[in-house]
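S.K.: Return atomic coordinates for the entry below.
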Amino acid sequence: MTEMQKTMAVFAGSVNPSLADGIASELGQPLGNVKLEKFANGEIYARYIESVRGADVFLVQSVCAGSGYDVNDALMELLIMADAAKRASARSICAVISHYGYARQERKAAPREPITARLVADLISAAGVDRVIAIDLHQDAIQGFFDVPVNHMTAMPLFVDYYKNMGFDPEKLCVVSPDVGRAKAAKKFQTLLDSDIAIMHKDRPRHNQSEITALIGDVTGKICIINDDMIDTGGTLCAAADTLLARGAEKVYVCATHGLFSGPAFERIENSNIEEVVVTDAVPVPPERQNGKIKVLSIAPLVAKTIQCVYSNGSVAKLFE
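M.R.: Numbering: from 1, shown residues only. Predicted coordinates:
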């Protein structure tokens, strides 16, 4: 097949249609027409209203809760859309997964636990997906769970530009890793901002509960920026902010790629000592919540450039050079 014969088709899952609209707009083409419904018993149905035969299909889905779907509905819809595209003779299928659900279950932390992140990767491959574009996976090693190519993108440049434009004095800035697992990412963030760095240590007595047990680094008089990959219930970040302020920090800002904001997260953040929380639209945030302390940046331009590179066989790595 020659380059002139190639066609691109971008389709949106049900969870984050606004992000898919933004991506399609950046690519200069309309979203494809796909019928997505639920049967009365909750089963999910998908049918492409237009032909995808011979097309390079890109499926945009956030595997998280949103638009009346829970995380399992979102995953199942993605699998069904991939299977439908495969059976409709698509040339290739790329899953653009802006949030990879089950990513926190990427290892066995205790006996007789599953490695669900690997199971999800197997399901996606089995459904017929030929390539995955992911945004800030919980651990880089999750890429190795896939038997298909993975383009692992990061929203870090968005956050770097955002904080540089705020005009902070680099000598007063301190990037804080909320746990040891994020230390490598925090180091990269610190280098790009030319700031100091501090690392926190936390324990998890049980799921969705954490305790800050140590802080490595001096934050006295500093404007601290906590960088994480996701915010779930917000408990960790609020505890981290309190710890930093108790150690002499001047202000605390937070940025994270995925704002899940489960349970009491919105109320916790609004009542916390955090100055501002910046997330991306990789996970849909209700418009009525995009005020007060929560600000949303769009990753649509970055994802669109990645899709264009993949489609035209260009270098994705050059986007970050």
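S.K.: where does this structure have low pLDDT?
M.R.: 1-4, 204-213 (pLDDT under 70).
S.K.: Report the central residue of it.
M.R.: residue 99 (4.0 Å; CA atoms, centre = their mean).
S.K.: just checking, what packs against the longest helix along the chain?
M.R.: Ranked by residue count under DSSP state H, the longest helix found in the chain is helix 71-87. When contacts are defined as 3 or more CB pairs under 8 Å, 6 or more residues apart in numbering; DSSP states H and E, helix 71-87 packs onto strand 34-38, strand 44-48, strand 56-62, strand 92-99, helix 116-126. For every residue, glycine as well, the C-beta is placed using N, CA and C.
S.K.: which residues does the residue nearest to the centre of the chain contact?
M.R.: 62-64, 135, 230, 258, 260, 282-283 (CB atoms under 8 Å, 6 or more residues apart in numbering).
S.K.: do that again at 7 Å, thanks
M.R.: If a contact means CB atoms under 7 Å, 6 or more residues apart in numbering, then residue 99 has 62-64, 258, 282-283 as its contacts.
S.K.: Quick one: the residues you listed as CSV, columns for distance to residue 78 too.
M.R.: Formatted as CSV, those follow (distance: CB to CB, whole Å):
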residue, distance to residue 78
62, 9
63, 7
64, 11
258, 16
282, 15
283, 15
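S.K.: ok, those residues vs residue 149, which is closest?
M.R.: When these are ranked by distance to residue 149 (CB to CB), residue 63 comes first, at 18.6 Å.
S.K.: For residue 321, see how far away that closest one is.
M.R.: Going from residue 63 to residue 321 by CB to CB, to the nearest Å gives 29 Å.
S.K.: ok, those two, which is more surrounded?
M.R.: With neighbours defined as other CB atoms under 10 Å, residue 63 and residue 321 compare such that residue 63 has more, 27 against 5.
S.K.: nearest residue to that one other than its sequence neighbours?
M.R.: In space, residue 63 comes closest to residue 101 once its chain neighbours are excluded; the distance is 3.3 Å by CB to CB, 6 or more residues apart in numbering.
S.K.: still on that earlier bit, of the contacts of residue 99, grab the buried ones for ChimeraX.
M.R.: Only the buried entries of the contacts of residue 99 go into this ChimeraX selection, using 16 or more other CB atoms under 10 Å:
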select :62,63,64,258,282,283
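S.K.: Validate this expectation: residue 227 resides in a helix.
M.R.: No - judged by DSSP: H, G, I helix; E, B strand; the rest coil, residue 227 forms no part of a helix; its state is strand.
S.K.: Quick check: residue 131 touching residue 91?
M.R.: No - at 11.8 Å, residue 131 does not count as touching residue 91 under the criterion of CB atoms under 7 Å.
S.K.: From the structure, what's the count of residues near the nearest residue to residue 253 once chain neighbours are set aside?
M.R.: Closest residue to residue 253 apart from its sequence neighbours, by CB to CB, 6+ apart: residue 225 at 4.8 Å. By other CB under 10 Å, 25 other residues sit near residue 225.
S.K.: which residues does residue 233 contact?
M.R.: 208, 262-265.
S.K.: need those in a markdown table with secondary structure, can you?
M.R.: A markdown table is the format used below for those (three-state DSSP):
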| residue | secondary structure |
| --- | --- |
| 208 | coil |
| 262 | coil |
| 263 | coil |
| 264 | coil |
| 265 | helix |
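S.K.: If you go by neighbour count, which of those are buried?
M.R.: residue 265.
S.K.: Could you dump the contacts of residue 233 into a markdown table and include distance to residue 201?
M.R.: Formatted as a markdown table, the contacts of residue 233 follow (distance: CB to CB, whole Å):
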| residue | distance to residue 201 |
| --- | --- |
| 208 | 18 |
| 262 | 23 |
| 263 | 24 |
| 264 | 24 |
| 265 | 22 |
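S.K.: Looking at the contacts of residue 233, spot the one nearest residue 10.
M.R.: Nearest member of those to residue 10, counting by CB to CB, is residue 262, at 28.7 Å.
S.K.: roughly how far apart are the closest one and residue 231?
M.R.: 9 Å.
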